[in-house]
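> model this:
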Amino acid sequence: MQYTPNTITILASNEVFVYGANERGIHGAGAAKAAMNWGAVYGKFGHVGQTYGIPTKDGNIKTLPISIIKTYVDDFLIFATDNPDLVFLVTPIGCGLAGYSARDIAPLFNRALNMQNVVLPRQFTIKYSDRASRYDLRKDYEQE
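Take a look at the predicted model:
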């Protein structure tokens, strides 16, 4: 199995840098700032240039509930399925500034484990216990 490198400094023409974004598209720190090198644009997330921003924070830069992040990950996985000619290098979204652990985020990417064009960070490929996350994906949690 191939894993996303810890540091990405160059992309092939068919590769896409997948990073954690916010809903306002302010790419000021972390992997989002690095995404600016490959075509990310302020005010946008999703597929832009050779990047794909998956929101993990809202427009006020507050961490989104896992259930909302899941909808954005699902949208990404549909996009990746529809674009088999592209290779998506997923960074450990949600595990930096958003404050989640790989144990929380990894289950959102379970479907990607069987996708040939999605490369995940090693920590997203580990099989966690039956209770894979401390968050209930069926509920929205109020952020304080």
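> how near is Ser34 to Lys127?
Check again: residue 34 is Ala, not Ser. 29 Å (C-beta to C-beta, to the nearest Å). (Glycine included, C-beta is placed from N, CA and C.)
> higher neighbour count, the two?
Using other C-beta atoms under 10 Å, the more surrounded residue of Ala34 and Lys127 is Ala34, with 18 against 10.
> my guess is that one meets Ala21, correct?
No. Taking contacts as C-beta atoms under 8 Å, Ala34 lies outside contact range of Ala21: 11.7 Å.
> identify the contacts common to these two.
Between them, Ala34 and Ala21 share no contacting residue under C-beta atoms under 8 Å, 6 or more residues apart in numbering.
> show me what counts as buried in stretch 105-122.
Using 16 or more other C-beta atoms under 10 Å as the test for burial, stretch 105-122 gives 105-109, 112, 117-121.
> just give the nearest non-adjacent residue to the residue nearest the centre of the chain, would you?
Centroid-nearest residue in the chain: Ile93, 4.2 Å away (criterion: C-alpha atoms, centre = their mean). Nearest non-adjacent residue to Ile93, counting by C-beta to C-beta, 6 or more residues apart in numbering: Gly20, 3.7 Å away.
> just after the helix or strand that neighbour falls within, pick out the following helix or strand.
Element membership for Gly20 (DSSP states H and E) is strand 15-22. Moving toward the C-terminus from strand 15-22, the next helix or strand (DSSP H and E) is helix 30-35.
> contacts for that following helix next, please.
With contact meaning C-beta under 8 Å, 6+ apart, helix 30-35 is reached by 8, 17, 19-22, 26-27, 40, 51, 53, 91, 93, 96-97.
> list the buried residues for the next helix or strand after it?
Per DSSP H and E, helix 30-35 leads on to strand 46-48 as the next helix or strand towards the C-terminus. Using 16+ other C-beta under 10 Å as the test for burial, strand 46-48 gives 47-48.
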